[in-house]
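Undergrad: Can you look at this prediction? I've put the sequence above it.
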Amino acid sequence: MSEQPERELPFTEKAEAFYTQEIDRFLSLYADAQGTVQSIFNFYLTFATAIIGGVFFILQSDLDNLALAISGLLLLAALIGSVYLSAISGRYAQSARYAYIVDELRRYIIAHGSYPTPPAYSSLIARENVPDTGTMWYEWLFPTGTYQMFIALMNSGALAVMVLLLAGTGEVGGGRGIFAGLVLFLITLTVYNAYSRLVISRFNHDLHARLNMGHDYSLWASRQ
């Protein structure tokens, strides 16, 4: 016996009020996610300032091997900076998911309410602005946001300077040390960009309105 297609319920004022409340709810979640991104970045700036202060303190101290001490501090900065990068990427993913749900709800209300809309809404109605979970290969080379780009640059720069200092300690030629630092900078920058995009892609692989995704992403460090 063939299944009958599910009959679509009429779009009533009560249904519209419900969807409007859902839009307000997800807009609030979006604003909270954006605020969390800003807070995380502010904490990172405080941490980065402390690291820079630590470097100047070491330079003014009487340690026997300043290069090794500064290198250790820069390595610690890069490791902790990676945690901040992971956290911000997770919040980027949350923001994108909430924005997607809001657009879906708006599109649904417009379509079923038969509202006249100006030309500016054409891309929304045509679904041209729906996030695509697929990523072109060259997109992995670029950052996913301004804050992520800044942290990635700082982390990569810290590792590159660390290599330069260690190369000087090991009496490696200046040209080779600079080349090694530059190569490491470019490689780690690309890795950070790719990792951030991977986190966002993983969180938004199956875009939906469900809020509790702990079971789906329990193995990820950026679990929300």
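TA: Right, received. Where do you want to start?
Undergrad: And residue 116, which helix or strand is it part of?
TA: Under DSSP states H and E, no helix or strand contains residue 116.
Undergrad: Now for residue 24, how many residues are close by?
TA: Other residues within reach of residue 24, judged by other CB atoms under 10 Å, total 11. For every residue, glycine as well, the C-beta is placed using N, CA and C.
Undergrad: For stretch 79-96, give me every contacting residue.
TA: Outside stretch 79-96, the residues that touch it by CB atoms under 8 Å, 6 or more residues apart in numbering are 29-30, 33-34, 36-37, 40-41, 43-44, 47-48, 131, 144-145, 147-148, 151-152, 154-155, 158, 192, 195-196, 199-200, 202-204, 220-224.
Undergrad: Give me the buried entries from those residues.
TA: For those, a burial check counting by 16 or more other CB atoms under 10 Å picks out 29-30, 33-34, 36-37, 40-41, 44, 47-48, 144-145, 147-148, 151-152, 154-155, 158, 192, 195-196, 199-200, 202-204, 222, 224.
Undergrad: Is it correct that residue 125 is in contact with residue 109?
TA: No - in this structure, residue 125 is not within contact of residue 109 by CB atoms under 8 Å, at 11.1 Å.
Undergrad: Between those two, which has more neighbouring residues?
TA: residue 109 (16 against 13).
Undergrad: so what's the backbone phi/psi at the more buried one?
TA: Dihedral pair for residue 109: phi -60, psi -40, per degrees, to the nearest 10.
Undergrad: how about the closest residue to it other than its chain neighbours, secondary structure?
TA: Excluding the flanking residues, the one nearest residue 109 by CB to CB, 6 or more residues apart in numbering is residue 19, at 5.5 Å. Using DSSP: H, G, I helix; E, B strand; the rest coil, the secondary structure recorded for residue 19 is helix.
Undergrad: which residues does residue 19 contact?
TA: Residue 19 is in contact with 105, 108, 109, counting by CB under 8 Å, 6+ apart.
Undergrad: one more time with 10 Å, if that's ok
TA: With contact set as CB atoms under 10 Å, 6 or more residues apart in numbering, residue 19 has these partners: 11, 104, 105, 106, 108, 109, 112, 113.
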